[in-house]
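[1] Build me a structure from this.
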Amino acid sequence: MGFVIFLARVALFSRGYRNGSNNSLVASDGVNEAVTIPGIEKLEGEFPENEVLALFLLMVAVVLAEDKYTTKYDNVDLDTILASDRLLKNYVNCLLDKGSCTPDGKELKETLPDALATECDKCSEKQKKGTEKVVRYLVNKKPETWEQLKKKYDPNGQYTTKYIDEAHKQGINV
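    I've put the predicted structure just below:
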């Protein structure tokens, strides 16, 4: 993210001049302090608007790409995990801090609080569908496990209240 901010600042600088002593560009927008960019010999005048727009769009794309959860575990077979008491118990123990975590379990444990708080805004469509599948299974088939997870991740019931209407629309009776 720091690189994106750096690019934005450089893109907004209206003038640049070559520092003859070390062959670098010194840029300033008149408000922020000057930034020396080594290795750039010359940049004079204003950035053309289309170059600024292209750079801005590139920065937006980078920021949006950074603002999603990883999809490297999207191919984990949820049906196999839900069908195996042993596998499911291992994941639940990971989430409840009662056991070790697989790499995908660790990722889930790290992202779950944020996903709950942000309505899974950073989730891929596959992750959202997988979430619905797991919640439906736990509520219907493993209510005691569901209650343990709620106790840890929703102790005040704020997320239950927040998501109850959506759950009912999906046929999940939380």
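[2] can you give me the helices in the protein?
    Here the chain has its helices, by DSSP state H, at 2-12, 49-66, 78-83, 85-95, 103-117, 125-141, 143-153, 158-169.
[3] Just name the shakiest helix or strand of this protein by mean pLDDT.
    Averaged element by element with mean pLDDT, DSSP states H and E, the chain has its least confident helix or strand at strand 15-19 (a mean of 43).
[4] Need the helices of the chain in CSV (columns: mean neighbour count and mean pLDDT).
    C-beta coordinates here come from the backbone N, C-alpha and C atoms, glycine included. Shown next, in CSV, are the helices of the chain (neighbours: other Cβ atoms under 10 Å; pLDDT from 0 to 100):
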stretch, mean neighbour count, mean pLDDT
helix 2-12, 13, 46
helix 49-66, 12, 60
helix 78-83, 13, 96
helix 85-95, 16, 97
helix 103-117, 15, 95
helix 125-141, 15, 94
helix 143-153, 14, 97
helix 158-169, 13, 86
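[5] out of those helices, nearest to Lys72?
    helix 103-117 (8.2 Å; Cβ to Cβ).
[6] Distance check, Val139 against Lys151.
    14 Å (Cβ to Cβ, to the nearest Å).
[7] And Tyr137, by the same measure?
    Counting by Cβ to Cβ, the gap from Tyr137 to Lys151 is 18 Å.
[8] cool, and Leu108?
    17 Å.
[9] Over to Asp74?
    28 Å.
[10] go on, Pro103?
    Counting by Cβ to Cβ, the gap from Pro103 to Lys151 is 25 Å.
[11] now swap in His168 and tell me
    In terms of Cβ to Cβ, His168 sits 22 Å off from Lys151.
[12] Same question for Leu78.
    For Leu78 relative to Lys151 (Cβ to Cβ), the value is 23 Å.
[13] again, but for Leu112
    Taken as Cβ to Cβ, the span from Leu112 to Lys151 is 14 Å.
[14] swap in Asp104?
    To Lys151, Asp104 is 23 Å away according to Cβ to Cβ.
[15] just Tyr73 next, same as before
    25 Å.
[16] Cheers, nothing more for now.
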